[in-house]
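K.L.:
next input, structure requested:
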Amino acid sequence: MTKRIIPLFILALGIGGFILLKATRPDPETASARERSWLVEVMTVEPGIHTPVLPLYGQIVAPEQTTIASPLAGRIGSRPVREGQRVNEGQLLVALDEADVQPLVAQAEADVEDLQAQLAAEQVRYANDRQALEGEKAILENARRQFERTQSLVSRDLTSQEALEAASDALARARLTVTARQRAVDEHPSRVQSLEARLARARAALASVRRDAERATVAAPFDGIVTDIQVAEGDRVSQNARLLSVYPDQGLELRARVPSVFRQELLDALGSGEELQAIATDGQHTLSLTRFAGTSDPAGTEAILTLQGGAGGLRPGGLLPVTLERPQQANAIAIPYSALYGSDSVYRMTDDSRMQRVTVKRLGEARAANGERHVLVSAEGLEAGDALITTHLPNAMSGLKVELAGARAEAGE
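P.N.:
Residues are numbered from 1 along each chain as shown. Predicted coordinates:
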């Protein structure tokens, strides 16, 4: 009997303990729904004057590069320079062998002297022709008188018909002689004119040969760098064959394509006299925008930027990325790309710690003091002192609860 009561007693004791604990437990706190807030970082809006920049990528060219060509056919007598060598103005670059040059000059000089001699001989001939003409006219007059006497005698049957024919032949020969001599005298001006024209042509040829002979020895026209060497000493070259090139290491230019959307803005700035600078991405070179190319295509127009100072390690044909400063923009704000949503939206933090969407206008790209890329936007819709959210939230929308990242850390302290 006792064994049956003990289990029931233990069971009753457990139930009674459970009822007692349940009756004496404290009342649980009522749970309330709490809105989640997102940690963000902000920047203070400070509108001001900013300089937008335009990244460009172009090719270095040497607009004053000079190509040296051979003025005459001949053998290369000297070429003391090498590819890439820096030369000073007046330094010898290349020269043709004198043995190929001097005979051409001597031949041209001989042609001039020959024509001068022919012209002098023509003057002597003219003087002789005039003197001979006077004598031949006297002979003609005598022949005429002899013919008239013989004709008179024949009419009186005092001489034969053969004598008259002989006198007639003599008169005809005298007339032909005078006519030929007169023609020689009359042709003197045209012969002189022809000889003088040939002499002028020979003198022009002599001047051309002398000029080419001078150009057969080529000196550097300026301080520069030698490139594109095509010949070596001893090579035979034809006339107008390319020998080498030289370009000045000052005044190199960068040709970079600018999108059409920026072209008019930059042209207006140049037209107003504004100086627009470009800096190489390595910071070692400065360039100045001077003009645009005369032609364009759908991808844009080539801007021509002149290198300021020495070329350093730059060489024509090389590629160089630069950052061009565009005209300054007033009432603009430079913000990090993380603050931009889409192409025209940002969010500011309201006084009750909520996000508020603001539409802005992109003005370009800017460089921060630390060199980071920022986007430049207009300040319309934003006021100085506004807290602009710079943390990019994937679920960003107006009214979303946010909290400063630094504020929670301070509260935890």
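
K.L.:
walk me through the domains of the protein.
P.N.:
38-52+328-412, 66-97+215-247, 100-214 (automatic domain parsing).

K.L.:
between these, which one is nearest to residue 293?
P.N.:
domain 66-97+215-247 (19.6 Å; CB to CB). Every C-beta, even on glycine, is put in place using the N, C-alpha and C of the backbone.

K.L.:
related to what we said a few turns ago, now for the domains of the chain, which one comes closest to residue 307?
P.N.:
Between the domains of the chain, domain 66-97+215-247 lies closest to residue 307; by CB to CB that is 12.2 Å.

K.L.:
re the thing from before, how about a markdown table for the domains of the chain, with distance to residue 301, mean neighbour count and mean pLDDT added?
P.N.:
Formatted as a markdown table, the domains of the chain follow (distance: least, CB to CB, whole Å; neighbours: other CB atoms under 10 Å; pLDDT from 0 to 100):
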| stretch | distance to residue 301 | mean neighbour count | mean pLDDT |
| --- | --- | --- | --- |
| domain 38-52+328-412 | 18 | 15 | 84 |
| domain 66-97+215-247 | 25 | 16 | 93 |
| domain 100-214 | 41 | 14 | 88 |
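
K.L.:
can you show me the helices along the stretch 1-150 of the chain?
P.N.:
2-24, 98-155 (DSSP state H, counting those that start in this stretch).

K.L.:
export those helices as a markdown table, with columns for distance to residue 228.
P.N.:
Below are the helices of the stretch 1-150 of the chain laid out as a markdown table (distance: least, CB to CB, whole Å):
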| stretch | distance to residue 228 |
| --- | --- |
| helix 2-24 | 102 |
| helix 98-155 | 23 |
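
K.L.:
out of the domains of the chain, which is closest to residue 278?
P.N.:
domain 38-52+328-412 (11.9 Å).

K.L.:
can you give me how far the closest one is from the chain middle?
P.N.:
Offset of domain 38-52+328-412 from its chain centre (CA atoms, centre = their mean, to the nearest Å): 42 Å.

K.L.:
now stretch 255-266
P.N.:
16 Å.

K.L.:
output that stretch as CSV, nothing but the C-alphas.
P.N.:
Taking Å, rounded to 0.1, in the frame of the first residue of the first chain, the C-alpha atoms of stretch 255-266 are listed here in CSV:
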residue,chain,number,x,y,z
ARG,A,255,47.0,65.0,-80.2
ALA,A,256,44.1,63.6,-78.2
ARG,A,257,40.5,63.0,-79.3
VAL,A,258,38.0,65.1,-77.4
PRO,A,259,34.3,64.0,-77.3
SER,A,260,32.1,66.4,-79.3
VAL,A,261,30.1,67.3,-76.2
PHE,A,262,33.1,69.2,-74.7
ARG,A,263,34.4,70.7,-78.0
GLN,A,264,32.4,74.0,-78.1
GLU,A,265,33.0,74.7,-74.4
LEU,A,266,36.8,74.4,-74.9
